[in-house]
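Student: Mind looking at a prediction? Sequence and model below.
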Amino acid sequence: MLSIHLNHLKFQAHHGLYAEEKIVGNEFEINVTVKYHPQEIPVMEIKKTIDYASIYNLLKERMQQPVQLLETFASETALEILRQFKLAEEVSISIKKFHPPILNFTGTVAVSFDVTRSELVSK
């Protein structure tokens with residue numbers, strides 16, 4: 001199985017439950033891994049793999065669509081990757097919020113979601 005990784009992608013976005021988050025926004029980091037079985041080894045053409053630039057563009061677009069919960073973002077985005085990239089068999093995604101609106105909180109919060117194409121077919 002071959003894995004495509006996009007790591008430590010930084011975005012400014014407006015995801016969150018609270019009014020201030022929707023106005024001011026927050027800093028987020030996304031990590032994504034997409035796994036697939038290549039049709040041939042070695043992979044010599046972009047059309048025979050999953051283009052990481054296309055995945056990045058999907059993530060960039062999704063980050064501009066505010067949602068209340070990171071769980072929503074992670075699950076919907078992973079499913080969209082499976083829909084758009086027919087070679088993709090497994091997707092793991094995590095999204096980290098750098099400044100959660102929690103009084104006296106230091107650190108970050110994050111959500112991750114893993115899904116396989118076979119899980120979708122079996123449901």
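Tutor: Looks like it came in fine.

Student: give me every residue that touches residue 17.
Tutor: For residue 17, the contacting residues are 68-69, by Cβ atoms under 8 Å, 6 or more residues apart in numbering. Bear in mind the C-beta positions are built from the backbone N, C-alpha and C, glycine included.

Student: how near is it to residue 4?
Tutor: Residue 17 is 32 Å from residue 4, where distance means Cβ to Cβ, to the nearest Å.

Student: Residue 112 now?
Tutor: 17 Å.

Student: So between the two, which is more surrounded?
Tutor: A side-by-side neighbour count of residue 112 and residue 4, using other Cβ atoms under 10 Å, places residue 4 first with 18 against 14.

Student: what's the helix or strand containing the more buried one in contact with?
Tutor: Residue 4 is located in strand 2-13, with elements delineated by DSSP states H and E. Here strand 2-13 makes contact (Cβ under 8 Å, 6+ apart) with 25-38, 43, 49-50, 52, 55-56, 59-60, 63-64, 66.

Student: and what of stretch 38-47?
Tutor: Contacts for stretch 38-47 (Cβ under 8 Å, 6+ apart): 2, 48-49, 87.

Student: where in the chain is pLDDT low?
Tutor: Residues of the chain meeting the criterion pLDDT under 70: 122-123.

Student: residue furthest from the geometric center of it?
Tutor: Going by Cα atoms, centre = their mean, the residue of the chain most distant from its centre is residue 104, 28.2 Å out.

Student: which residues does the most centrally placed residue in the chain contact?
Tutor: Centroid-nearest residue in the chain, with Cα atoms, centre = their mean: residue 93, separated by 4.4 Å. Shown in contact with residue 93 (Cβ under 8 Å, 6+ apart): 30-33, 74, 77-78, 81, 112-114.
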